[in-house]
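Following is a predicted model, sequence given first.
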Amino acid sequence: MAEPAQAPVELPLRPQDELECRRCEIHCDKVVYPGACLERACPFVYAYEAWGHTYMGCLQKVYEVEIDLDLLRAAEARSDGFGAVRAARGPLPMCKVEVAPCYESRGDELGCRNPEFHELPRARPSFRVFAQLTSG
């Protein structure tokens, strides 16, 4: 019995605005660096005290986790730093953002099916399309 044909995967209109890509076996996610929020004095960082610790997070919910501030600062003091967390919504212009591949060894000769996903979002599109109509 033959395998059913797979439907072609449609690319979104603005793939660079997506937070994850599952169009190939590599599975990429956009990640942000909470340590950069403190370093850049992001106005959307909040902090609160509970259980004898201070926790920080993002008011805009770019990432959803709340992080122990002492642990983050201790990790940032090391050479490898605290690291990244998965973005839960579109990063802001001041966010330090990267694309993290999950299973790079699954790559094939075709390569990335969605190269625009790796473009970081901007306030405006990086290109414009003009249609020129001629009578003919």
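Perfect, thanks for sending it. Numbers count the residues shown, from 1 in each chain.

show me what contacts Ala87?
Going by C-beta atoms under 8 Å, 6 or more residues apart in numbering, Ala87 touches Leu19, Asp29, Lys30, Val31, Val32, Val62, Tyr63, Cys95, Val97. No exception for glycine: its C-beta is placed from N, CA and C like everyone else's.

Would you convert those into a markdown table that also reports pLDDT and secondary structure?
Formatted as a markdown table, those follow (pLDDT from 0 to 100; DSSP: H, G, I helix; E, B strand; the rest coil):
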| residue | pLDDT | secondary structure |
| --- | --- | --- |
| Leu19 | 75 | coil |
| Asp29 | 86 | strand |
| Lys30 | 88 | strand |
| Val31 | 91 | strand |
| Val32 | 92 | strand |
| Val62 | 93 | coil |
| Tyr63 | 93 | coil |
| Cys95 | 88 | coil |
| Val97 | 87 | strand |
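
Quick check: of those residues, which has the highest neighbour count?
Neighbour counts for the contacts of Ala87 peak at Lys30, which has 27 neighbours (criterion: other C-beta atoms under 10 Å).

hey, what's that residue bridged with?
Counting by DSSP bridges, Lys30 is bridged to Val99.
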